[in-house]
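Q: here is a sequence together with a model predicted from it:
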Amino acid sequence: MPELPEVEVVRSGLATALAGKSFGSVTVLHPRPVRYDPLGPEHFARLLSGRVLDAPRRRGKYLWIPFEDGDALLCHLGMSGQFRINRPEDPLLPNTRVLFDLQPHGDQLRFVDQRMFGGLQLAIGGAELPGVIGHIAMDPFDDDFDPLTVGRELVSRRSTVKRALLNQTLVSGIGNIYADETLWRSRLHGDTPCHALGGRKAAGVLRTSRQVMAEALEQGGTSFDALYVNVNGSSGYFARHLDVYGREDLPCHRCGRSIVRDRFMNRSSFRCPRCQRLPRQVAPPNGQDATLGCKP
DNA sequence: ACTATATCCTGTATGC
DNA sequence: TGCATACAGGATATAG
């Protein structure tokens, strides 16, 4: 569930909590969160113990904890993953999946994940950038992220704008909430064909996504419930700043019209029916259907 | 090659 | 109260 700002809050919390630490013994309580690890739960636990930790890193919604020896622990929170720091004697929260004893001082890092869409795996040689996320594009906060370059790439896609924003191989870190918020600020309907945007407009959308996520980060991320919390167990406050997401039937903050909800890819899209209309048909590149992605 | 869909899970909210 | 259903912020295999 967490998108880039929420993952960044977690990364930042881990950076503080794990500074100068090593893993002691590791206990896998449920095999599913380590299903992507090529060696299986027992090897995962054994191979991680004793590792000396470096500062956690992030790309998009992935984060990883590099080890001093060049390997890393790669983590994805999925829809409901959390990291918590506890004393070993603290009672386990429901859905606690993996325990990492920390040395020195004996704290414990715990991975809690209700739905288990998330995952943890050992990334051999992955301290800089784990190979298995090589296909994940830079996110808008990356120093080398260039909105114009990515904007041109976006325009060339034979898809629609919201799908493109959610495509992690084009730009990473944006999920359903921030896609909808970005589109509202950009006054764009999510079904707008990519080719209907010029390169400059597309670059503008990407800059807007960075702005929205930066504001969310200042608020400690978006949270609707206890499923997303930082390492201390507290929630962020951006939910109260959302302009469209989850605001069906409430007035648009720009024009007052009621926000509508559409079905999209088995989930919901929220938009203002006045501020975010589909453009009239735009001449597509050669060979493409002129009405692609457009509704009457 | 590129894009759209179905699927992996559990817990909560809602309506009958 | 009990039961069924809908829904949840993601990534990926595979179907087209």
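A: Sure thing, it's come through.

Q: every contact and neighbour count from this point should use C-alpha atoms.
A: OK.

Q: and stretch A:107-119, what's its mean pLDDT?
A: Across stretch A:107-119, pLDDT averages out at 90.

Q: hmm, who's touching that stretch?
A: Contact with stretch A:107-119 is made by A:32-36, A:75-88, A:93-102, as judged by Cα atoms under 8 Å, 6 or more residues apart in numbering.

Q: ditto for stretch A:45-61
A: Contacts for stretch A:45-61 (Cα under 8 Å, 6+ apart): A:2-4, A:7-8, A:11-12, A:14-15, A:18-28, A:63-69, A:76-77, A:122, A:136-139, A:142, A:168, A:172-174.

Q: mind redoing it with 7 Å?
A: A:3-4, A:7, A:11, A:14-15, A:19-28, A:63-68, A:76, A:138-139, A:172-173 (Cα atoms under 7 Å, 6 or more residues apart in numbering).

Q: can you say which of those residues are buried?
A: A:3-4, A:7, A:11, A:14-15, A:21-28, A:63-67, A:76, A:138-139, A:172-173 (16 or more other Cα atoms under 10 Å).

Q: among these, which are in helices?
A: The members of the buried ones among the contacts of stretch A:45-61 that map onto helices under DSSP state H are A:L4, A:V7, A:R11, A:L14, A:A15.

Q: tell me the one of the residues you listed nearest A:L148?
A: A:L4 (20.6 Å; Cα to Cα).

Q: residues touching the closest one, list them.
A: With Cα under 7 Å, 6+ apart, A:L4 has these contacts: A:G60, A:K61, A:G173, A:I174.

Q: let's see if you can find the most crowded of those residues.
A: A:G173 (31 neighbours; other Cα atoms under 10 Å).

Q: that one and A:P2 touch, don't they?
A: No - between A:G173 and A:P2 there is no contact under Cα atoms under 7 Å: 9.3 Å.

Q: please enumerate the strands of the stretch 51-200 of chain A.
A: Taking DSSP state E, counting those that start in this stretch as the criterion, the stretch 51-200 of chain A contains strands spanning A:57-59, A:62-66, A:72-76, A:81-86, A:96-103, A:108-113, A:119-123.

Q: for the second one, the averaged confidence score.
A: Here the mean pLDDT over strand A:62-66 is 95, rounded to a whole number.

Q: that one pairs with which strands, parallel or anti?
A: Note on strand A:62-66: by DSSP bridges, its sheet partners are strand A:57-59 (antiparallel), strand A:72-76 (antiparallel).

Q: what does the stretch 1-150 of chain A have sitting close to DNA strand B?
A: A:P94, A:N95, A:Q114, A:R115, A:M116, A:F117 (Cα under 7 Å from any atom of the strand).

Q: write the ChimeraX selection for whichever of those are buried.
A: Burial among these is assessed by 16+ other Cα under 10 Å; the matching ChimeraX selection reads:
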select /A:114,116
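
Q: what's the closest non-adjacent residue to A:L4?
A: A:G173 (4.5 Å; Cα to Cα, 6 or more residues apart in numbering).

Q: quick one, domains of chain A?
A: A:4-133, A:147-271 (automatic domain parsing).

Q: so what's the residue count around A:R263?
A: 9.

Q: pull the contacting residues for it.
A: Here A:R263 is in contact with A:S269 (Cα under 7 Å, 6+ apart).

Q: helix, strand or coil for it?
A: strand (DSSP: H, G, I helix; E, B strand; the rest coil).

Q: report the beta-bridge partner residues of it.
A: A:S268.

Q: so for stretch A:203-216, mean pLDDT?
A: The model assigns stretch A:203-216 a mean pLDDT of 94.

Q: circling back to that earlier point, what's the spacing between the residue nearest to A:L4 and A:M138?
A: 8 Å (Cα to Cα, to the nearest Å).

Q: do the same with A:L154
A: Applying Cα to Cα to A:L154 and A:M138 gives a distance of 14 Å.

Q: still on that earlier bit, which one of the strands paired with strand A:62-66 lies nearest to DNA strand C?
A: Closest of the strands paired with strand A:62-66 to DNA strand C is strand A:72-76, at 7.0 Å (criterion: Cα to the nearest atom of the strand).
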